[in-house]
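Colleague: No letters, just coordinates:
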């Protein structure tokens with residue numbers, strides 16, 4: 001049987017934070033959880049776009065419990081401020097969905113000077129997760145779901161190129177960032193388990209989905225319309241990872257050809273992503289770069 005939105009169970013009493021929830025997969029994830037009764041915080045960079053997303057969800061689901069939290073992953077100070085506000089306003093956190101991301105933009109950097117993709121896709125979420133870990137720990141059955149990509153298979157972690165020290169190659173940097181997300185997911189699970197924590201760390205990827213994320217990829221709109229999955233279907237792996245009975249460290253993606261299309265199923269994890277030595281080194285590097293140490 002194929003898992004679809006109809007299989008999503010009631011989420012009443014649950015609380016979710018979804019980064020990048022104003023558009024694309026993040027929006028569909030947030031809307032689906034809210035429609036099933038969860039309290040959902042849309043963590044967005046733009047107040048205007050975030051409020052538009054809130055209005056859209058409320059129009060479709062008048063009883064939805066949705067709120068806006070400003071979060072700019074290009075600034076670590078904003079991540080810290082957002083996390084502090086969330087800790088003040090929430091008493092539980094069942095799902096932290098590290099969804100926000102950038103894909104193959106023109107060469108650019110975060111406020112701290114990190115290459116934009118490694119900074120937003122990985123480092124910002126590494127910091128956010130650590131800052132919200134106490135809230136996750138006090139919530140039975142909580143999970144962290146981090147978005148990766150098929151592209152992680154072509155990634156390689158280059159510790160000497162986190163600040164764009166080398167000539168910029170957009171896909172190389174994107175693949176590195178998504179490999180970092182999967183290495184982080186698996187290392188986070190190992191460290192949580194070692195402490196006896198009941199928090200689970202999982203990852204998902206959307207396959208080839210129609211979203212704004214691909215606007216810099218060089219793919220034509222016509223090609224995307226013909227071949228890419230609807231955005232909601234691309235969100236199904238994330239919803240599945242968040243709500244179904246799965247072991248920590250699970251990686252969920254579409255079940256079709258090369259995992260580009262289809263319905264949620266266990267996805268292939270590359271050998272690079274399973275390299276525990278690299279994962280430990282990446283964790284230590286991220287602690288240094290973000291200024292936050294946790295689960296050591």
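Modeller: Thanks, I have it. What you see is a predicted model; the values in this text were computed from it and never measured.

Colleague: going forward, measure contacts between C-alpha atoms and count neighbours the same way
Modeller: Fine.

Colleague: how about the helices of the stretch 151-296 of the chain, start to end?
Modeller: Listed in chain order, the helices found in the stretch 151-296 of the chain under DSSP state H, counting those that start in this stretch are 170-194, 221-227, 231-243, 276-290.

Colleague: where in the stretch 1-150 of the chain is pLDDT low?
Modeller: Counting by pLDDT under 70, the stretch 1-150 of the chain contains no low-confidence range.

Colleague: if we go to 90?
Modeller: Scanning the stretch 1-150 of the chain with the threshold set as pLDDT under 90 gives 1.

Colleague: which residues of it fall in helices?
Modeller: 24-35, 47-60, 76-89, 116-117, 125-137.

Colleague: Give me whichever of the helices of the stretch 151-296 of the chain is most buried.
Modeller: Comparing these by mean neighbour count (mean count of other Cα atoms under 10 Å), helix 231-243 comes out on top with a mean of 26.

Colleague: Contacts for it next, please.
Modeller: 3-5, 8-9, 24-26, 28-29, 33, 95, 143-145, 147, 202-211, 250-254, 263-265 (Cα atoms under 8 Å, 6 or more residues apart in numbering).

Colleague: between it and helix 24-35, how many degrees?
Modeller: Helix 231-243 and helix 24-35 are oriented at 60 degrees to each other (axes from the mean of the first three to the mean of the last three Cα atoms, to 10 degrees).

Colleague: Just send the helices of the stretch 1-150 of the chain back as JSON lines, with mean neighbour count and distance to residue 292 too.
Modeller: Below are these laid out as JSON lines (neighbours: other Cα atoms under 10 Å; distance: least, Cα to Cα, whole Å):
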{"stretch": "helix 24-35", "mean neighbour count": "25", "distance to residue 292": "26"}
{"stretch": "helix 47-60", "mean neighbour count": "16", "distance to residue 292": "27"}
{"stretch": "helix 76-89", "mean neighbour count": "17", "distance to residue 292": "10"}
{"stretch": "helix 116-117", "mean neighbour count": "29", "distance to residue 292": "19"}
{"stretch": "helix 125-137", "mean neighbour count": "21", "distance to residue 292": "7"}
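
Colleague: can you put the ones you listed in a markdown table and add distance to residue 159?
Modeller: Converted to a markdown table, those look like this (distance: least, Cα to Cα, whole Å):
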| stretch | distance to residue 159 |
| --- | --- |
| helix 24-35 | 29 |
| helix 47-60 | 34 |
| helix 76-89 | 19 |
| helix 116-117 | 14 |
| helix 125-137 | 16 |
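
Colleague: Out of the ones you listed, the one nearest residue 177 is which?
Modeller: Among these, the nearest to residue 177 by Cα to Cα is helix 116-117 (6.0 Å).

Colleague: Now do that closest one: distance to the chain's middle.
Modeller: Chain-centre distance of helix 116-117: 14 Å, with Cα atoms, centre = their mean, to the nearest Å.

Colleague: Tell me, how many residues neighbour residue 10?
Modeller: 14 (other Cα atoms under 10 Å).

Colleague: Next up, the contacts around it.
Modeller: Here residue 10 is in contact with 36, 37 (criterion: Cα under 8 Å, 6+ apart).

Colleague: Thanks a lot, see you next time.
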